[in-house]
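[1] with the sequence up front, the predicted model follows.
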Amino acid sequence: MKYLEYAYNLYPSILKIIKYLVGALVFLWLIVFTYLNFIPSSKNCYHAAILQKQKLLEETPSPRIIITGSSSASFGINSTILHNDFNLPVVNMALDSDLGSSFMLKQLEGHLQPNDIVLLVVDYQTSQKGNLLPQLITGDYLSEARDWRSSFTFSERLNGRLAYYWYISKSFFLSLWDMAHISKESSFSNIYTSQGFDTKGDLVSHLGQPPYIKNSLPALVVDSTLNQQIEEVNSFNRYATQKQAKLFWVIGSCSEGYFEQNQKAVQQYETVLNNTLFCPIIGNSLTGVMDDALYFDSQNHPNAEGRKIWTYRIVELLDSFDF
């Protein structure tokens with residue numbers, strides 16, 4: 001009885017504390033909501049480059065070479081070499097493998113013209129629908145990109161939104177930190193930035209920089225989702241053919257170490273491609289394999305020398321096709 005009376009006397013104080021906590025949470029939510037919806041995102045964000053790339057796509061006259069796909073193409077293709085060899089303007093649309101091949105192809109719909117050449121560079125980790133987080137980020141900079149998102153399950157959407165809010169919050173606090181501290185010129189903030197691309201859409205901010213510890217890519221797993229991805233690419237190939245354009249599949253670049261660790265899965269991957277893909281494949285699984293020392297910060301991000309070697313291999317193979 002004594003404890004009940006004590007609890008009863010504490011009730012007003014507990015209620016007051018709860019009201020303060022709820023009020024503080026509501027206030028915090030209003031701040032976060034305002035920030036996420038009304039404060040412009042940083043124009044230096046890596047994915048903000050989608051604005052520049054979309055403008056290049058819309059303003060570069062046909063016939064042209066259009067590169068789209070994964071980050072190995074963003075880091076690892078030298079468009080100037082392609083331009084000089086084929087005497088055609090080159091647009092490198094590649095950004096991030098996590099955008100997914102479906103997103104990448106939807107971005108090109110409505111823009112293909114007769115005699116355009118499309119190089120779809122697909123890293124082994126590039127899925128069809130991709131990841132919601134980078135798709136949400138690109139939508140902040142280019143409203144049309146919101147129409148290119150894939151269909152996700154409820155749990156994927158929930159996780160994607162939570163990751164997005166965490167990304168925005170983290171970016172905000174990191175920007176405050178950068179304002180108070182001078183960043184080193186070789187830091188990632190000066191490499192993974194929208195300012196790091198040249199006029200053709202190639203990422204060049206990593207060129208000449210000292211190599212970072214190379215992040216290991218996840219193991220390659222060949223499953224039914226690859227067939228779904230190929231079906232969509234085949235559908236886009238029919239669309240490209242109707243537009244009198246030419247689509248090529250290019251297997252993304254990777255280090256010798258990654259190739260050796262996943263050799264059996266890579267062979268299965270290539271077999272599926274050869275049996276079910278309708279568009280031509282540039283080279284084979286070995287075309288983009290190079291020494292580990294030719295990569296910058298990941299097993300699929302070539303450095304300056306690596307991008308030159310890989311690009312010349314692609315040029316040599318493309319030369320064998322009649323456009």
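    Good, I have the coordinates. Numbering: from 1, shown residues only.

[2] use CA for all of it now, contacts and neighbours both
    Will do.

[3] quick one: the helices in this structure, in order.
    Secondary structure of the chain (DSSP state H): helices at 2-38, 49-59, 71-76, 79-86, 101-108, 132-141, 154-180, 224-242, 256-261, 263-276, 304-318.

[4] output the second one as PDB, restricted to C-alpha atoms.
    In other words, helix 49-59. What follows is helix 49-59, C-alpha atoms only, in PDB (Å, rounded to 0.1, in the frame of the first residue of the first chain):
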ATOM      1  CA  ALA A  49      26.900  14.300 -61.100                       C
ATOM      2  CA  ILE A  50      23.700  12.700 -62.600                       C
ATOM      3  CA  LEU A  51      22.700  16.300 -63.500                       C
ATOM      4  CA  GLN A  52      25.800  16.800 -65.500                       C
ATOM      5  CA  LYS A  53      25.600  13.400 -67.100                       C
ATOM      6  CA  GLN A  54      21.900  13.900 -68.100                       C
ATOM      7  CA  LYS A  55      22.700  17.200 -69.600                       C
ATOM      8  CA  LEU A  56      25.500  15.600 -71.600                       C
ATOM      9  CA  LEU A  57      23.100  13.000 -72.900                       C
ATOM     10  CA  GLU A  58      20.600  15.500 -73.900                       C
ATOM     11  CA  GLU A  59      23.000  18.000 -75.600                       C
END
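
[5] which ones are touching the nearest residue to Leu247 once chain neighbours are set aside?
    Closest residue to Leu247 apart from its sequence neighbours, by CA to CA, 6 or more residues apart in numbering: Val118 at 4.8 Å. Listed by CA atoms under 8 Å, 6 or more residues apart in numbering, the contact set of Val118 reads 65-68, 245-248.

[6] same question for Ser127.
    Taking CA under 8 Å, 6+ apart, we find Ser127 in contact with 97-98, 100-101, 225-226, 229.

[7] also Ser97?
    Going by CA under 8 Å, 6+ apart, Ser97 touches 69-71, 122-123, 125-127, 130.

[8] of the residues you listed, which is the nearest to Ile314?
    Nearest to Ile314 out of the contacts of Ser97 is Val122 (CA to CA; 13.8 Å).

[9] any idea how far Thr199 lies from Ile18?
    Taking CA to CA, to the nearest Å as the measure, Thr199 falls 56 Å from Ile18.

[10] any regions of the stretch 201-323 of the chain where pLDDT drops low?
    Scanning the stretch 201-323 of the chain for pLDDT under 70 picks out 213, 323.

[11] switch to 90 and redo it
    208-225, 320-323 (pLDDT under 90).

[12] next, count neighbours for the closest residue to Asp198 other than its chain neighbours.
    The shortest distance from Asp198 to any residue that is not its chain neighbour, by CA to CA, 6+ apart, is 6.5 Å, and that residue is Val204. Neighbours of Val204 under the rule other CA atoms under 10 Å: 20.

[13] pretty sure Val204 is touching Phe75, no?
    Yes. With contact defined as CA atoms under 8 Å, Val204 counts as touching Phe75 (7.2 Å).

[14] Asp292: neighbour count?
    Asp292 has 18 nearby residues by other CA under 10 Å.
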